[in-house]
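> Compute the structure for the input listed below.
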Amino acid sequence: MKSLLDALQEGRLVELSETDKDKALEYLALLVEAIPDIGTQMDIVKEVKDREAQSPTGIGKGVAVPHVRSDRTGDLLCAVGWSPHGIAYGAPDGRDVHLLVMYYVPDSQRPQYLKEVSGLAKAIQRTAGIEPFADIHDIQAVRHKLLDWVGLAIDEAVPDAKARMIKLEARQAAVPAAPRASYAVQPFRVLADEAGRALVLSDDPRLAAALENSPELRRVLSGEGGSDIGRYKIALYGTTRFALNRVLYEGVAVATAE
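Down below sits the predicted model:
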């Protein structure tokens, strides 16, 4: 379960406010794509969506494991999204998905990927699926529940003494750590009018300035193609229309390495 532990330690557990399946997949795929070890050799967002269209990845009990495969070498990596409201996902049991674990799977790591997903599935079966998450309203509590799942998976795979040692290391790894400095995820809003003016609302002044000063912003907002603005990858997940042809856009920006 190393890739799941790494995701928890490196800030790749996020809350998904969006209940649209495609938008949730895009958000997580951007997190995976921004991991420095992966680089820019493939469009993770497109690959994930294409694979999902071919074969939905809901495994039941409120959990989905979308993934993308790569012919490159490297580590098995993942990002985790928690949806408090649930996402209509087309899972075989018909239940909404509340937990998405998205994997990046290099060819050499396919056996490890299958082993990790198998361990995850067994933990889900032993804990009645997503039910323990039903009353959780805090991302840190989700983190601790996931560590319980990791502990169960470890118990299945290794002898007791070694399992206790690994679980101790897992608990230490779960202490919240700052995301890697080479990328960050920032939510933002844009209020645009028919005259072409756009006001960006963000807690990050660099992001606000970069978007407001970019001639590409209008193109990205209109959905005419592309999601890159400077060093940021943009994912939009909501629009609200107001009087006088004003539109409020909501989204997230992933800042890649400078």
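> CA only for contacts and neighbour counts going forward, please
Fine.
> tell me the contacts of His137?
By Cα atoms under 8 Å, 6 or more residues apart in numbering, the contact list for His137 reads Pro84.
> Helix, strand, or coil at it?
Three-state call for His137 (DSSP: H, G, I helix; E, B strand; the rest coil): coil.
> and Arg219, helix, strand or coil?
Arg219 falls in the helix class when you classify it by three-state DSSP.
> Could I get the contacting residues of Leu30?
With contact set as Cα under 8 Å, 6+ apart, Leu30 has these partners: Ile44, Val45, Lys233, Ala235, Val254.
> Just to check, the third one is in contact with Glu216?
Think Lys233. No: between Lys233 and Glu216 there is no contact under Cα atoms under 8 Å: 11.8 Å.
> Between the two, point out the one with more neighbours.
Between Lys233 and Glu216, counted using other Cα atoms under 10 Å, the more crowded position is Lys233 (19 against 15).
> Look up which residues are beta-bridged to the more buried one.
Asp228, Val254 (DSSP bridges).
> And it, how close does it get to Gln186?
10 Å (Cα to Cα, to the nearest Å).
> any common contacting residues for these two?
Listed as contacting both Lys233 and Gln186 by Cα under 8 Å, 6+ apart are Ala253, Val254.
> if we can go back for a sec, can I get the contacts of Leu30 in a markdown table including pLDDT?
Formatted as a markdown table, the contacts of Leu30 follow (pLDDT from 0 to 100):
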| residue | pLDDT |
| --- | --- |
| Ile44 | 88 |
| Val45 | 87 |
| Lys233 | 81 |
| Ala235 | 76 |
| Val254 | 77 |
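> Check whether Val65 really touches Tyr103, as I assumed.
Yes: counting by Cα under 8 Å, Val65 touches Tyr103, with 7.1 Å between them.
> Having no further points to raise, I will conclude here.
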